[in-house]
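In: I would like to see how this sequence folds:
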Amino acid sequence: MWLPGVLVAAAAALLSWALHSLIPAAPLLTIAVVLGIIAGQLPALRRPLAGTLAPGLSVAGQRFMRLGIVLLGLKLSLGDIAGLGWVTIATTVVIVLVTFAGTLGLGRLFGLPGHQPLLIASGFSICGASAIGAMSGVVKAKDEDAATSIALVTLCGTLAIAVLPALWHPLGLSPAEFGHWVGAGVHDVGQVVATAQVAGPAALAIAVVVKLTRVLMLAPIVAVASVVERRRPTPTGDSPAKTPLMPLFVVGFIATVVLASVVPLPTPVLEAADAVQTALLAMALFGLGSAVRLLALVRTGWRALVVGLLSWVLVAALAYGAVHLG
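Out: From the prediction side, this is the model:
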């Protein structure tokens, strides 16, 4: 029965919204992940989280995540992205690809288990926990691999909210340049907003468009991962893994991007879709966060932490270089 877990995830999303209203600088989705992580550490909650609540939290972490990603496409306008200019678009794509490949290589170099290298690479290069959830569903990753990756991207994204504004003036960046840096170098959309808003509305506008350009890379990268997974043999070597050639939610994401680009949707429709998308992702991220076990992460996850921190430095450095090319 999935209803109890879904109701708990909905309550956590509401609590996240309330806390975000009290502390606007804290991104709502980051709060949702943190609440899930906290819940997963409480001894009194571990049994229900693994028992009666597990089916609903699984529905939230997988199906709601995919629906939220589909609605995320409505925030993307190809016209706005084109307005950045070809240099900015090209450097943003290069940052995503280099960060993805570099993080994947680091994960394998440090011997991370399972799908952790792929999930961490997806989260740090594209759009944080949402990308991890999307990639996890495609490659059928273990819950602990997804949980570890989400914990890392949440930690580093939260650090970025404090660290990047502190470096804004010492690096001599204008508000527009700072916005470009944040959009190209911070992981989650909510974290980008929280970081860029300190430099004013112009910086925030540039940061969001650059960030959404990175989000657009979710579709091709997940599609390629799906093709690779489709050809990968099972552990027994008998037959290739059965995965869709193009995951349905990726098709939906592309469709909403096209819709938002060619049809002038009314503002109330976009606002309603944004509210639903945020609620779905908050519920999904609470569900995924509740699978994190910090003690196990501390004991066995030091290599993943090193990979995450190195990836964070890599994407921030590449984004800073792109600012001077754009």
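
In: Going by C-alpha atoms from here, please, whenever you check contacts or count neighbours.
Out: Noted.

In: now residue 143, nearest residue through space, not along the chain?
Out: Nearest residue to residue 143 in three dimensions, chain neighbours excluded: residue 291, at 6.9 Å (CA to CA, 6 or more residues apart in numbering).

In: Could you confirm that neighbour falls within a strand?
Out: No. Counting by DSSP: H, G, I helix; E, B strand; the rest coil, residue 291 is not part of a strand but coil.

In: Report the contact partners of residue 135.
Out: Applying CA atoms under 8 Å, 6 or more residues apart in numbering to residue 135 gives the contacts 119, 122, 222, 225.

In: Next step: the residues you listed restricted to helices.
Out: Using DSSP state H, 119, 122, 222, 225 are the members of the contacts of residue 135 that sit in helices.

In: just checking, the first one touches residue 136?
Out: What that stands for is residue 119. Yes. Judged on CA atoms under 8 Å, residue 119 makes contact with residue 136 at a distance of 6.8 Å.

In: So which of those two has more stuff around it?
Out: Using other CA atoms under 10 Å, the more surrounded residue of residue 119 and residue 136 is residue 119, with 31 against 22.

In: The residue nearest to that one when sequence neighbours are not counted: how many residues sit nearby?
Out: Nearest residue to residue 119, sequence neighbours excluded (CA to CA, 6+ apart): residue 132, at 5.2 Å. A count of neighbours around residue 132, defined by other CA under 10 Å, yields 28.

In: And the pLDDT for the most centrally placed residue in the chain?
Out: Nearest to the centroid of the C-alpha atoms of the chain, with distances taken as CA atoms, centre = their mean, sits residue 128, at 2.2 Å. Residue 128 carries a pLDDT score of 85 in this model.

In: for residue 298, same thing?
Out: 69.

In: I'd like the average pLDDT over the helix or strand in which residue 89 is found.
Out: Taking DSSP states H and E as the criterion, residue 89 maps to helix 86-109. Averaging pLDDT along helix 86-109 gives 93.

In: From the contact counts, what lies against the biggest helix by length in the chain?
Out: Looking across the chain with DSSP H, the single longest helix is helix 143-168. In this structure, helix 143-168 makes packing contacts with helix 28-41, helix 116-122, helix 128-139, helix 189-196, helix 267-289, helix 302-323, judged by 3 or more CA pairs under 8 Å, 6 or more residues apart in numbering; DSSP states H and E.

In: Export the last one to PDB, keeping only CA atoms.
Out: Okay, so that is helix 302-323. C-alpha atoms of helix 302-323 as PDB (Å, rounded to 0.1, in the frame of the first residue of the first chain):
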ATOM      1  CA  TRP A 302      35.000   8.800   2.100                       C
ATOM      2  CA  ARG A 303      36.000   8.100  -1.500                       C
ATOM      3  CA  ALA A 304      32.700   9.300  -2.800                       C
ATOM      4  CA  LEU A 305      33.100  12.400  -0.700                       C
ATOM      5  CA  VAL A 306      36.500  13.100  -2.300                       C
ATOM      6  CA  VAL A 307      35.100  12.500  -5.800                       C
ATOM      7  CA  GLY A 308      32.200  14.900  -5.000                       C
ATOM      8  CA  LEU A 309      34.400  17.700  -3.800                       C
ATOM      9  CA  LEU A 310      36.800  17.300  -6.700                       C
ATOM     10  CA  SER A 311      33.900  17.400  -9.100                       C
ATOM     11  CA  TRP A 312      32.600  20.600  -7.400                       C
ATOM     12  CA  VAL A 313      36.000  22.300  -7.800                       C
ATOM     13  CA  LEU A 314      36.200  21.100 -11.400                       C
ATOM     14  CA  VAL A 315      32.800  22.500 -12.500                       C
ATOM     15  CA  ALA A 316      33.400  25.800 -10.600                       C
ATOM     16  CA  ALA A 317      36.800  26.200 -12.200                       C
ATOM     17  CA  LEU A 318      35.400  25.500 -15.700                       C
ATOM     18  CA  ALA A 319      32.500  27.800 -15.200                       C
ATOM     19  CA  TYR A 320      34.800  30.600 -14.000                       C
ATOM     20  CA  GLY A 321      36.900  30.100 -17.200                       C
ATOM     21  CA  ALA A 322      33.700  30.300 -19.300                       C
ATOM     22  CA  VAL A 323      32.800  33.600 -17.800                       C
END
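
In: Identify each buried residue in it, please.
Out: Using 16 or more other CA atoms under 10 Å as the test for burial, helix 302-323 gives 303-305, 307-309, 311-312, 314-316, 318-320, 322-323.

In: quick one: low-confidence ranges for the stretch 151-300 of the chain?
Out: 230, 232-246, 296, 298-300 (pLDDT under 70).

In: Any buried residues in stretch 272-279, and which?
Out: By neighbour count on 16+ other CA under 10 Å, the buried set for stretch 272-279 is 273-274, 276-279.

In: CA-only coordinates of it in PDB, if you can.
Out: Output of stretch 272-279 as PDB, limited to C-alpha atoms (Å, rounded to 0.1, in the frame of the first residue of the first chain):
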ATOM      1  CA  ALA A 272       0.400  26.300 -11.500                       C
ATOM      2  CA  ALA A 273       2.800  23.900 -13.400                       C
ATOM      3  CA  ASP A 274       5.700  25.400 -11.400                       C
ATOM      4  CA  ALA A 275       3.900  24.800  -8.100                       C
ATOM      5  CA  VAL A 276       3.000  21.200  -9.000                       C
ATOM      6  CA  GLN A 277       6.500  20.500 -10.300                       C
ATOM      7  CA  THR A 278       8.100  21.900  -7.100                       C
ATOM      8  CA  ALA A 279       5.700  19.800  -5.000                       C
END
